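Enquirer: This is a predicted model, with the sequence first.
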Amino acid sequence: MAVNKIKLNDAAAIGARANAADYLVRRHYFRWPEASPWLIAVACYFIFPDRMTFGNQVLVMVIFALSLDLILGYAGIVTLGHAAFFGIGAYVAALLSLRFGWSEPISGIILGGLLAGLVGIVVGWFMLRYRGLTLLMLTIAFAAMLQESGNLRSDITGGYDGLPGLIISPLFDTFGYDLYGHTNYIYVLVVLAIVFYFVRRIVYSPFGQALTGIRENVQRMHAIGSPVHRRLVMVYTISAAIAGVAGALFTQTNAYVTLTVFDFDNSAKVMVMLILGGTGRLYGAFLGAAVYMILEDYFSKLSPTFWQFGIGLLLVLAVLFARRGLLGLVEDAGRYLSKRKKP
Amino acid sequence: MTVAALEVQRLNRSFGALHVARDIDLTLERGARRALIGPNGAGKTTLVNLITGALRPSAGRVLLDGDDITHTSQAERARRGLARTFQINQLFRGLTVLENLAMTIGERDGNCNNLWRAAGAKRAVIDEALDRLDSLRMVDDALKLVRELPYGRQRLVEIAIALTQRPRVLLLDEPAAGVPSSESHLILDVVAALDPDIAILIIEHDMDVVFRFAKHITVMVQGAVFTEGTPEEIMADEQVRAVYLGQEGHKGARHG
């Protein structure tokens, strides 16, 4: 009898162990709901062939929001100056085409990402010694400084009038651009998929775990021997590079750029999108950017002067009732449904 | 000649005019069991912070295994085998217990430099984390979020993390603080059963625990080492009774 009991206990203990191990082993596995945003993005290509330009803008903002999620959602770095890196990417693509006659698009986004990353590593190394409000102010100041330097040399940057009429070569010298932006949509979607794959790998890597640790408790990270500053600079650099890629795509798909890409508005907008969608959950960037831009589009048609009221109201509601963003609501709904199904 | 596991030499620190550490000398031999006692505000936690590098001393030296670590970062000291627990829990509250330990192993072994491989791909890490939980009888809590655990269990996670670092020197800052007395024996049993090779400094207010656990006791008062000795010597010391034990007795009398 007693022997049986011990065996039973052992079995339960082994079961608990296996369960726990499984959880860590499988955490990064692909789950089917993850396919839905991609299916929707592809479906939009066929359903709204005349709204591809708008679709492009949404996808670019998804990439931008994804870059912010990496630092804000995972590492807990609060920044209101991420437009700095978006702007660097945007201007690299523009100046390459206009001043250097280099109009090949793919090398444009790679260079945009590289330069933004390079600036990210330098600025990050300096700024990430600080946290909280100090860091927040520094990020704002940095973006403002870049914008003002651009303004100072408006002979190069075109200032707030911008650089219109940029020439972008066809993709792979074959796929030209049409008025409706069909080629661009596929182009941006593919770049998004590649960027997303990278970000997803990082998030589920041991490095990504360490970032979560820094967000959760930086004191403890120091105490277990984590080189916190190095980790933060690393992720900030990656994030800056991705924001740069988003900026370069922005320029290329619009064939036009002005200094407003560095605007505080741009930094704040991407943060609002991410919070609306849900931080630290990868797909929050997708949902947030899409919902924000669709509503912005809708509200601005409804009332060209007061459209921001609608966005503001939505944000207040999200912060009050959906602390984890819209995606948090979706997760809750999914959990609720699966609970109801089981018993 | 054997080198002490940890040696603190004439350590000083002040905040403005307030001297929170004055000329502190302290030695932990290999496998030491030393208790640090003293009234509230004596600077015990400050000393732990100075040793681990959370605070910088204004003067003095800290030696780990004979190496001067006074000017190294907190993380570097941790990597060299100096671990601590906190008086107030410092845990990854939004993560599971298992993830708390897996992360500690990841940082200890340098896995966390990897951006590409999945965190769950190294089976050895998961097994080690589960073994650690097993030894503390916490496997059933492995998948619970830390913030959902009762406080006493969270204190155990604090210790589990520190042990997972495989320290040579362990600083325990009131490991049973805030835990109801009905559960504190769980924690103290774990503390009593720790690897005899680890040098341990424990800050503790419960004199029963101190006298049972420690082979040496250091008494601090107002930022300085007041005296030190074996439990018997400390117990017999009239002055210690006056500044510390006496005060406790006074408190007890008032409540009684």
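Expert: Great, that's in hand.
Enquirer: After the helix or strand B:Val20 falls within, which helix or strand is next?
Expert: In the assignment (DSSP states H and E), B:Val20 maps to strand B:18-28. The helix or strand immediately downstream of strand B:18-28 is strand B:33-37, counting by DSSP H and E.
Enquirer: count of neighbours near residue 154?
Expert: Looking at chain A here, since you left the chain open. 13 (other CB atoms under 10 Å in any protein chain shown). Heads up, the C-betas are built off the backbone N, CA and C, glycines and all.
Enquirer: Actually, chain B is the one I wanted.
Expert: Neighbour number of B:Gln154 under other CB under 10 Å is 19.
Enquirer: all strands of chain B, in order?
Expert: Taking DSSP state E to define them, one finds strands in chain B at B:6-15, B:18-28, B:33-37, B:59-64, B:67-68, B:82-85, B:169-173, B:199-203, B:216-221, B:224-229.
Enquirer: Using CSV, please lay out the ones you listed together with distance to A:Gly55.
Expert: Output for the strands of chain B, formatted as CSV (distance: least, CB to CB, whole Å):
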stretch, distance to A:Gly55
strand B:6-15, 58
strand B:18-28, 61
strand B:33-37, 65
strand B:59-64, 59
strand B:67-68, 60
strand B:82-85, 53
strand B:169-173, 56
strand B:199-203, 61
strand B:216-221, 67
strand B:224-229, 70
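Enquirer: ok, and does the lengthiest helix in chain A reach over to chain B?
Expert: Longest helix of chain A, by residue count under DSSP state H: helix A:228-254. Yes - among the residues of helix A:228-254, A:228, A:231, A:234 lie within reach of chain B under CB under 8 Å from any CB of the partner chain.
Enquirer: Let me know how buried the second one is, in neighbour terms.
Expert: A:Arg231 sits with 21 neighbouring residues when counted by other CB under 10 Å.
Enquirer: mind listing the helices for the stretch 51-200 of chain B?
Expert: B:74-79, B:97-109, B:123-135, B:151-164, B:181-192 (DSSP state H, counting those that start in this stretch).
Enquirer: so what secondary structure elements neighbour the second one?
Expert: When contacts are defined as 3 or more CB pairs under 8 Å, 6 or more residues apart in numbering or on different chains; DSSP states H and E, helix B:97-109 sits against helix A:2-26, helix A:206-216, helix B:123-135, helix B:151-164.
Enquirer: Let me know the angle separating it from helix B:123-135.
Expert: Compare the direction of helix B:97-109 with that of helix B:123-135 by axes from the mean of the first three to the mean of the last three CA atoms, to 10 degrees and you get 120 degrees.
Enquirer: could you give the mean pLDDT of helix B:97-109?
Expert: Confidence over helix B:97-109 (mean pLDDT, whole number) is 95.
Enquirer: Show me the one of the helices of the stretch 51-200 of chain B that comes nearest A:Leu192.
Expert: For these, the distance to A:Leu192 is smallest for helix B:97-109, at 28.8 Å, taking CB to CB.
Enquirer: chain center to the closest one: distance?
Expert: Distance of helix B:97-109 from its chain centroid, counting by CA atoms, centre = their mean, to the nearest Å, is 18 Å.
Enquirer: Just want the angle from that helix to helix A:228-254.
Expert: Using the same axes, to 10 degrees: helix B:97-109 against helix A:228-254 is 100 degrees.
Enquirer: Show which residues not belonging to helix B:97-109 make contact with it.
Expert: Residues outside helix B:97-109 that contact it (CB atoms under 8 Å, 6 or more residues apart in numbering or on different chains) are A:20, A:23-24, A:206, A:209-210, A:212-213, A:221, A:224-226, B:79, B:91-92, B:95, B:111-112, B:119, B:125-126, B:128-130, B:132-133, B:138, B:141-144, B:146, B:149, B:157, B:160-161, B:164-166.
Enquirer: Could you list the low-pLDDT ranges of the stretch 1-150 of chain B?
Expert: In the predicted model, the stretch 1-150 of chain B carries pLDDT under 70 at residues B:1.
Enquirer: hmm, try it at 80
Expert: In the predicted model, the stretch 1-150 of chain B carries pLDDT under 80 at residues B:1-2.
Enquirer: repeat for the stretch 201-343 of chain A
Expert: A:340-343.
Enquirer: Alongside chain B, which residues does it contribute?
Expert: A:201-202, A:204-210, A:212-213, A:216-217, A:219-228, A:231, A:234.
Enquirer: make it 10 Å
Expert: Proximity of the stretch 201-343 of chain A to chain B (CB under 10 Å from any CB of the partner chain) is limited to residues A:201-231, A:234-235, A:238, A:280.
Enquirer: If any of these are buried, give me the ChimeraX selection for them.
Expert: Typed into ChimeraX, the next command selects the buried ones out of those (criterion: 16 or more other CB atoms under 10 Å in any protein chain shown):
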select /A:201,202,203,204,205,206,207,208,209,210,211,212,213,214,215,216,217,218,220,221,222,223,224,225,226,227,228,229,231,234,235,238,280
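Enquirer: show me the contacts for the residue nearest to B:Leu145 when sequence neighbours are not counted.
Expert: Nearest non-adjacent residue to B:Leu145, counting by CB to CB, 6 or more residues apart in numbering or on different chains: B:Thr96, 5.9 Å away. B:Thr96 makes contacts with A:20, A:23-24, B:102, B:141-146, B:148, as judged by CB atoms under 10 Å, 6 or more residues apart in numbering or on different chains.
Enquirer: Over to B:Pro180?
Expert: Per CB under 10 Å, 6+ apart, neighbours of B:Pro180: B:150-152.
Enquirer: May I ask which of the residues you listed has the most neighbours?
Expert: Result: B:Gly152 is most packed of the contacts of B:Pro180 (other CB under 10 Å), 16 neighbours.
Enquirer: before we move on, the earlier item: and the residue nearest to B:Leu145, how far from A:Arg200?
Expert: 20 Å (CB to CB, to the nearest Å).
Enquirer: Just give me the residue closest to the centre of chain A.
Expert: A:Leu66 (1.5 Å; CA atoms, centre = their mean).
Enquirer: OK, contacts around the closest residue to B:Leu6 other than its chain neighbours?
Expert: Leaving aside its sequence neighbours, B:Leu6 sits nearest to B:Leu28 (CB to CB, 6+ apart; 4.1 Å). Under the criterion of CB under 10 Å, 6+ apart, the contact list for B:Leu28 reads B:4-8, B:34, B:51, B:64, B:168-171, B:198-201, B:216.
Enquirer: if you set the cut-off to 7 Å instead, what comes out?
Expert: B:4-6, B:34, B:169, B:199, B:201 (CB atoms under 7 Å, 6 or more residues apart in numbering or on different chains).
Enquirer: Then B:Val240?
Expert: B:219, B:227, B:234.
Enquirer: Now render those as JSON lines, adding neighbour count.
Expert: Shown next, in JSON lines, are those (neighbours: other CB atoms under 10 Å in any protein chain shown):
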{"residue": "B:Val219", "neighbour count": "23"}
{"residue": "B:Thr227", "neighbour count": "15"}
{"residue": "B:Ile234", "neighbour count": "24"}
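Enquirer: Would you mind measuring from the residue of the stretch 201-343 of chain A found nearest chain B to B:Cys112?
Expert: Among the residues of the stretch 201-343 of chain A, A:Gly225 lies nearest to chain B; the distance is 3.4 Å by CB to the nearest CB. Distance of A:Gly225 to B:Cys112, computed by CB to CB: 10 Å.
Enquirer: With B:Leu130 instead?
Expert: Distance, B:Leu130 to B:Cys112, by CB to CB: 19 Å.
Enquirer: between the two, who's got more neighbours?
Expert: Legend: neighbour count by other CB under 10 Å for B:Leu130 and B:Cys112, higher for B:Cys112 (27 against 22).
Enquirer: wait, doesn't the more buried one sit right on A:Ala210?
Expert: Yes - judged on CB atoms under 7 Å, B:Cys112 makes contact with A:Ala210 at a distance of 4.1 Å.
Enquirer: Overlap in contacts, the two.
Expert: Joint contacts of B:Cys112 and A:Ala210 (CB under 7 Å, 6+ apart) are A:226, B:106.
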